[in-house]
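Asker: just a sequence and a predicted model for now, questions to come.
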Amino acid sequence: MDRAPGGGPAQGLDLGFFTQEQLHSFFKENKSELSSTEEPERLLRCLRDYDIITQEEYGKVSRTAERLDREEALYTVLDRLGTEELHVIKGFWSCAFKGFILECNPTLQRLQHRLLEMLDLVEVKEEERWEEQEEETGTATPLMSFWPPPPQQDITAGHLYFSIDRHSPAPPSPGP
């Protein structure tokens, strides 16, 4: 797992690499594990502060004394969250992966690590695709390496223009 300079969990996973659908699917797959999280108080307070759960839901879970009853109450809250709009789930993960919450919650640390592994798998699949392309065609170029094209400047006419074909730039447009 990535570590911060002090040895604790890395701060703030950039969720921008994932679609809202991927985050929602990951949430649904891990609801049971989330409901059994150790010491969920910090997470619950953060979720309440960001209006992801209601004050009533926060109170119901936090007042529950027995561990199994608490897990059931937390699962009920998570189950309701799973039916919300996708941006709510992204907000949930943003709260769950805050450094001060991760530092005392091994369950969330494991889930963050699994999510990072998913990202690595995507990168590995892209690399494999490029290797296959290279074997088939003799060249492998990531699609995004050509876009956006770098600006080219025609020094003689003082025009700045873009070219899609990197090997033969477009001619400058005629002057006024």
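Answerer: Yep, it's here. This structure is a prediction, so every number in the text was calculated from the model and none was measured. Numbers count the residues shown, from 1 in each chain.

Asker: burial measure for the closest residue to residue 36 other than its chain neighbours, as a count.
Answerer: Using Cβ to Cβ, 6 or more residues apart in numbering and skipping residues adjacent in sequence, the residue nearest residue 36 is residue 71, 5.3 Å away. C-beta here means a position set from N, CA and C on the backbone, and glycine is covered the same way. When neighbours are defined as other Cβ atoms under 10 Å, residue 71 has 18 of them.

Asker: now do the end-to-end distance for stretch 76-89.
Answerer: Using Cα to Cα, to the nearest Å, the end-to-end distance of stretch 76-89 comes to 15 Å.

Asker: residues contacting it, please?
Answerer: With contact meaning Cβ atoms under 8 Å, 6 or more residues apart in numbering, stretch 76-89 is reached by 20-21, 23-24, 27-28, 31, 34-35, 52-53, 57, 60-61, 92.

Asker: which two from those residues end up farthest apart in space?
Answerer: Pairwise distances across the contacts of stretch 76-89 (Cβ to Cβ) peak at 29.2 Å, for the pair 21 and 60.

Asker: looking at it, the residue nearest to residue 36 is touching residue 35, isn't it?
Answerer: Yes - contact criterion Cβ atoms under 8 Å: residue 71 and residue 35 qualify, at 4.9 Å.

Asker: any common contacting residues for these two?
Answerer: Joint contacts of residue 71 and residue 35 (Cβ under 8 Å, 6+ apart) do not exist.

Asker: looking at residue 21 and residue 60, which is more packed in?
Answerer: When residue 21 and residue 60 are compared for neighbours, residue 60 comes out ahead with 16 against 10, by other Cβ under 10 Å.

Asker: isn't that one up against residue 72?
Answerer: No - under the criterion of Cβ under 8 Å, residue 60 is not in contact with residue 72, lying 10.5 Å apart.

Asker: quick one: common contacting residues for the two?
Answerer: Between them, residue 60 and residue 72 share no contacting residue under Cβ under 8 Å, 6+ apart.

Asker: and residue 24, what pLDDT?
Answerer: Note on residue 24: pLDDT of 94.

Asker: an error on my part: the question was meant for residue 10.
Answerer: At residue 10, the pLDDT value in this model is 42.

Asker: what's the answer for residue 86, then?
Answerer: On pLDDT, residue 86 comes in at 86.

Asker: state the number of residues packed around it.
Answerer: Using other Cβ under 10 Å, residue 86 has 14 neighbouring residues.

Asker: over to residue 69?
Answerer: Applying other Cβ under 10 Å, we find 12 residues neighbouring residue 69.

Asker: what strand or helix carries it?
Answerer: Secondary structure assigned from DSSP states H and E places residue 69 in helix 67-81.

Asker: same thing with residue 88?
Answerer: helix 86-96.

Asker: go through that helix and flag the buried ones.
Answerer: Across helix 86-96, burial judged by 16 or more other Cβ atoms under 10 Å covers 88, 89, 90, 91, 92, 93, 94, 95, 96.
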